[in-house]
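**Q** Could you look at this predicted model? Sequence included:
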Amino acid sequence: MTTAATECMIRLYEERHELEDYQSGVPRWCTGCGDNAILAAVQRLCRDEQLRPEKTVFVSGIGCSSRFPHYMKTYGFHGIHGRALPIAEGVKMARPDLNVFVNTGDGDCCSIGAAHWIHAIRYNMNMTVFLHDNQIYGLTKMQASPTSPKGLKSNTTPRGSYLEALHPLTVTLGVQNVSFVAQAVDWIPEMLYDIVKAAFHHKGFSFVRIIQRCPEWLPKLFEPWLHDPQKVRLLHHEQGLEISPSLSKVYKNQERHDPSNLDRAREIASSTDPIPVGILYRNPQVPCYEDLRGTGELRTSARIKAGLESEFDKFTVWPQEKGQQARPAA
Amino acid sequence: MNETTLEKTVTPAASKVRPLVGRKSASLLTQHVIEVISDSGEGAQRCGQALGAIAARMGNGVWTDEIIPAEIRPPARSVAGASGNRIRLGSRQVTNGGDETDFVVAFNEQVLLGRVRAGELKPGCIILLESMWRDDADPKIAESYADTYARLVAEGYKVHEVPMERECRALVSDARRGKNMFALGMICNVYSLDLQLAREQIALTFGKKAASVIKTNVMLLEAGYHWAEVNLDFSFSIPAVRASEPQIVVNGNTALALGVLASGMEICAMYPITPATSASHYLSDVFEKVGGVVHQAEDEIAACAFAIGASYAGKCAVTITSGPGYSLKQEAIGLATMAEIPLVVVNVQRGGPSTGQPTKAEQGDLLTAMFGSHGDAPKVVMAASTIEDCFYSIITARKIAEMFNMVVVVLSDASLAASQTPFTRPQFSEAWVAPPVDQSPIPPGAKPYDWDPVTGLARRFIPGQPNGMHTVTGLAHDRLSHVAYDPDTNEESLRARSLKLAALAKTLKAPPVFGDAEGDLLLIGWGSTKGTIEEAVERMRTEGAKVSSLHLRFLQPMAPGIKEVMGRFKRVMTIESNWSDRPDDELIDETNRRYSAVAMLLRARYLVDVDCWSQVRGQPIKPSAICDVIRKKLQQ
């Protein structure tokens, strides 16, 4: 693969990257949109981790949240609806040396791209995935999404949505090879940052569902949770996140949860009230698909020639061949 | 023929018959079409493949086609269940499957009936038919056999009953698994093929199995050979003109996969679909040897998106599919077109629409390849015309994709996919291989879509290149890749993407005319029909017809000079394997006739009155059918 070749490049100077080195343009999200909080946390992560902008790619699908790459001064791929994950997988397979992030919405990931989501978990490629879940289609102007609560009135469900909401965390935790699942809410930036950071440091498919507000279409949806800190349960553990004293003063509803406990993670995941916030599950032992598949060796034309010639040999009829005469050495 | 060797190895069963003296004299032929057909799982495929390989090693021209039932396990002794191989042998190079079959080995009368009803057997065709059914315990089977036999004989077929089961059972306990090699032995005798080469071929075929397996199969081969020598009073010889250079014998799908290897592409993303999958099977087996990866994605869309992601971040990638998969990939192909990401898409066409005929050949996807994906999405479309061309097309496609940052669609079809014919072993060239991924810094101020005003081309910035950071998008965008909805930018970007096709067209050479450069009739074809059309043209030219042909490798853009070529002929018509309305149908007239794909394109592009003749029978078009078309057209 290309890793070796690209890593051979000598860096002639070291740069220090500031926050503005990761900022591009003025986000066109609505004031109060949860996407802004996610952008701030991610730009901070890039700065704190000193990610090289040219070695970092943000891949997205379609929707409000999928505008995200445009606001990062890194490489970005604003793809098509639902297909962010397979695009990101291709990027990672071709270039394991790149930091790959994915921004996808609840429509993008859980509806039109649902098949890819299930399989991306199973591939467990090393990338950090943010599910921007505002429980509504925003860009197309307020249609119910798979994660919309039952009874939600929208332009396509004027008498209230008919079905129970799909729960992204329980789905993710039900798939073979799941290796990192966390949940954040946009209104607790400190936890959001800590979770984003932990997700980035996990080697594998790090899935972070971020419950975010849509001030345009569902301005009051999360008001009960904003007004009552008891309706948020913070997860902490010495193997997970530690909660700061200042945060603990406000959010007293806490649970010590070992992220290696999958059964408990699934129980926690199914709770919508209180909303669990923190790392639900982490298993660093799950192999990454790119490691299983990538050869990690430099591909040269000499190697291709040797491989090709040996294949040709299998299918060759030699002109001097008569009966059992020997073939020329390959 | 080394009779001494044979004498030494004659089997107990065969030794009962008279020794090999007074070898019957063989009639000389220039070409013949042979079929071996059986129920699925009886090994006729393997027999046919071995025959093709033996003849190729003797230096004969060979074209093999697979006869494949659509189901994995069709019912035994069923008309629809015929499985086997069709082998055309010739003295010279053979470029297509030829006309109706001259000689058949059939393991039961039902599979044979399937071929008779399909009109695949030549009048008076020689048939070697397994005779065990005559005495079958089931009276219905015995009756069916006797009736069919009588009917075929009455219709003039030269039917020879062969007790294959009985002869094989003298050597092996399960004759059903050994008949195919017995059949191979008979064919080797009938066509005067080198028995020693046949033994070697068996060793190759069963190379991974135990020596005893090879020994048993060689015994069966020799028994079949001997049986034919004693019991059949005819034999043929198709003298071979041995090629002076090493030849490769592979089918079209293997050739495609070898092309992927040779092109230096590193990632192939695919989803299983007939008849494309065998290319990925082979590639899965060998790609890792040169550091490549075959990714079996969760669906066709994901396969295309994965390949696009890989291309975007590294070397051009490839996705291999067939019609239904191609339809699913259309939106992603539009994304690659819009974002100007190189991509090779291979479509091994099958019968359509919808699920259509998965194992049958058709050229029905040209227009969807050219015009599919919404909006104006210009992409390059090439069609492989021979098995050799399957190999080289992929190398060319990769180069064009990376040079022009475009999607290149390579069309093959089910008939190239499973056919085999030898072609000159390619000489490796460094120029085939994709260069390493560019990781050099981008000059400050350079723009990711700095479209050249003349060619529309722009340098692609690849992740990892310092100063090149930008976000590609499927949205309308400007030179900085910023989302842009203003009218001027939109037209500027559409113009640039379109101009790239014109720029590519300028680099293409006019395709050569087969036959004289002027005349009464020009046939135009594309894709897998090349060999068939040219054989028909050649036959008709020897009859004095002023007919020539032109074969298009690039369908989009088309090479320059085609209009000039057409202008030198009184009439022009395309020969295609896709639907065109029949002019003699009651409702069809000039104004409503739906023409075949290339005919429509040529008419639209060049304002030339191009007629078309097409067949969509799921089988390769036969040269004799085209000869009839030529005769009729010249009489008009």
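**A** Now that the structure is in, tell me what you want to look at. Numbering: from 1, shown residues only, chains lettered A, B, ... in the order given.
**Q** Bridged to the residue of the stretch 351-500 of chain B found nearest chain A, which residues?
**A** Among the residues of the stretch 351-500 of chain B, B:Thr471 lies closest to chain A, at 3.1 Å counting by Cβ to the nearest Cβ. Just so you know, the C-beta spots here come from the backbone N, C-alpha and C atoms, and that holds for glycine as well. Beta-bridge pairing of B:Thr471 under DSSP bridges involves A:Gly76.
**Q** can you map out the strands along chain A?
**A** A:56-60, A:75-78, A:99-105, A:127-133, A:136-137, A:143-144, A:180-185, A:205-211, A:232-236, A:254-256, A:275-282, A:316-317 (DSSP state E).
**Q** For A:Asn177, list the residues it contacts.
**A** A:121-124, A:205, A:286 (Cβ atoms under 8 Å, 6 or more residues apart in numbering or on different chains).
**Q** in the chain, which ranges drop under the pLDDT threshold?
**A** By default, I'm working from chain A. A:1-14, A:295-297, A:320-330 (pLDDT under 70).
**Q** that's the other chain; I wanted chain B
**A** Short version for chain B, where the test is pLDDT under 70: B:1-23, B:70.
**Q** can you list the domains in it?
**A** Annotated domains of chain B cover B:3-237, B:248-432, B:438-507, B:513-635 [automatic domain parsing].
**Q** from these, which stretch is densest packed?
**A** Highest mean neighbour count of those: domain B:248-432, a mean of 24 (counted as mean count of other Cβ atoms under 10 Å in any protein chain shown).
**Q** For chain A, which segments count as helices?
**A** In chain A, the segments counted as helices under DSSP state H are A:3-7, A:34-49, A:84-94, A:106-107, A:114-123, A:168-173, A:189-201, A:223-227, A:245-250, A:262-269, A:289-293, A:301-315.
**Q** Rebuild those helices as TSV, extending it with distance to B:Gly525 and mean neighbour count.
**A** Shown next, in TSV, are the helices of chain A (distance: least, Cβ to Cβ, whole Å; neighbours: other Cβ atoms under 10 Å in any protein chain shown):
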stretch	distance to B:Gly525	mean neighbour count
helix A:3-7	43	16
helix A:34-49	55	20
helix A:84-94	36	31
helix A:106-107	47	29
helix A:114-123	39	21
helix A:168-173	52	21
helix A:189-201	56	20
helix A:223-227	68	12
helix A:245-250	73	11
helix A:262-269	60	17
helix A:289-293	40	18
helix A:301-315	27	17
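**Q** Is it possible to get JSON lines of those helices that adds distance to chain B?
**A** Converted to JSON lines, these look like this (distance: least, Cβ to the nearest Cβ, whole Å):
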{"stretch": "helix A:3-7", "distance to chain B": "5"}
{"stretch": "helix A:34-49", "distance to chain B": "12"}
{"stretch": "helix A:84-94", "distance to chain B": "3"}
{"stretch": "helix A:106-107", "distance to chain B": "16"}
{"stretch": "helix A:114-123", "distance to chain B": "4"}
{"stretch": "helix A:168-173", "distance to chain B": "15"}
{"stretch": "helix A:189-201", "distance to chain B": "17"}
{"stretch": "helix A:223-227", "distance to chain B": "32"}
{"stretch": "helix A:245-250", "distance to chain B": "34"}
{"stretch": "helix A:262-269", "distance to chain B": "23"}
{"stretch": "helix A:289-293", "distance to chain B": "5"}
{"stretch": "helix A:301-315", "distance to chain B": "4"}
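**Q** Of those, give the one that comes closest to B:Ala401.
**A** helix A:84-94 (14.6 Å; Cβ to Cβ).
**Q** quick one: A:Asn124 and A:Gly204 touch, right?
**A** Yes: between A:Asn124 and A:Gly204 there is a contact under Cβ atoms under 8 Å: 4.9 Å.
**Q** Leaving out the residues flanking it, which one is nearest to the most centrally placed residue in chain A?
**A** Most central in chain A under Cα atoms, centre = their mean is A:Val129, positioned 0.7 Å from the mean C-alpha point. Spatially, and ignoring its direct neighbours in sequence, A:Val129 is nearest to A:Val102 (4.4 Å; Cβ to Cβ, 6 or more residues apart in numbering or on different chains).
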